[in-house]
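**Student:** Whatever this is, show me its structure:
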Amino acid sequence: MKTGMTRNLRSQPCQIRGESPKANKAVRRARILHTLAKIRNQAKASGRDALSMKDIDAEIQAAHKSRRRKPSEPD
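**Tutor:** Numbering: from 1, shown residues only. Below you'll find the predicted structure:
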């Protein structure tokens, strides 16, 4: 495959495969909606759907703190 073809495949996949942009958009939308439904079901099953904004903010802060680099101590 030529470089130009690869670039076009990334930027305009529906044109290369012969699909209409509307059909491609509909498929993407359906996949997104299906994924969101799965995420919502998993959250409901684990009880995460009932978290308050205060709890969510606390979880985010805890994650940020755990990812921060610890300052290196001088030799």
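**Student:** can we go C-alpha only for contacts and neighbour counts from here?
**Tutor:** Will do.
**Student:** Against which helices or strands is the biggest helix by length in the chain packed?
**Tutor:** The helix that spans the most residues within the chain, counting by DSSP state H, is helix 21-46. For helix 21-46, the packing partners by 3 or more Cα pairs under 8 Å, 6 or more residues apart in numbering; DSSP states H and E come out as helix 13-17.
**Student:** Just the buried positions in the longest helix of the chain, please.
**Tutor:** For helix 21-46, burial by neighbour count (16 or more other Cα atoms under 10 Å) applies to no residue.
**Student:** pLDDT averaged over it, what's the number?
**Tutor:** Regarding helix 21-46, the rounded mean pLDDT is 90.
**Student:** Put the alpha carbons of the next helix or strand after it into PDB.
**Tutor:** Moving toward the C-terminus from helix 21-46, the next helix or strand (DSSP states H and E) is helix 53-67. In PDB, the C-alpha atoms belonging to helix 53-67 read as follows (Å, rounded to 0.1, in the frame of the first residue of the first chain):
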ATOM      1  CA  MET A  53     -20.300  14.700  43.200                       C
ATOM      2  CA  LYS A  54     -18.400  15.100  46.500                       C
ATOM      3  CA  ASP A  55     -17.500  11.400  46.300                       C
ATOM      4  CA  ILE A  56     -16.500  11.600  42.700                       C
ATOM      5  CA  ASP A  57     -14.300  14.600  43.400                       C
ATOM      6  CA  ALA A  58     -12.700  12.800  46.300                       C
ATOM      7  CA  GLU A  59     -11.900   9.800  44.000                       C
ATOM      8  CA  ILE A  60     -10.400  12.100  41.400                       C
ATOM      9  CA  GLN A  61      -8.200  13.800  44.000                       C
ATOM     10  CA  ALA A  62      -7.000  10.500  45.400                       C
ATOM     11  CA  ALA A  63      -6.100   9.300  41.900                       C
ATOM     12  CA  HIS A  64      -4.200  12.500  41.200                       C
ATOM     13  CA  LYS A  65      -2.300  12.300  44.400                       C
ATOM     14  CA  SER A  66      -1.300   8.700  43.800                       C
ATOM     15  CA  ARG A  67       0.000   9.600  40.300                       C
END
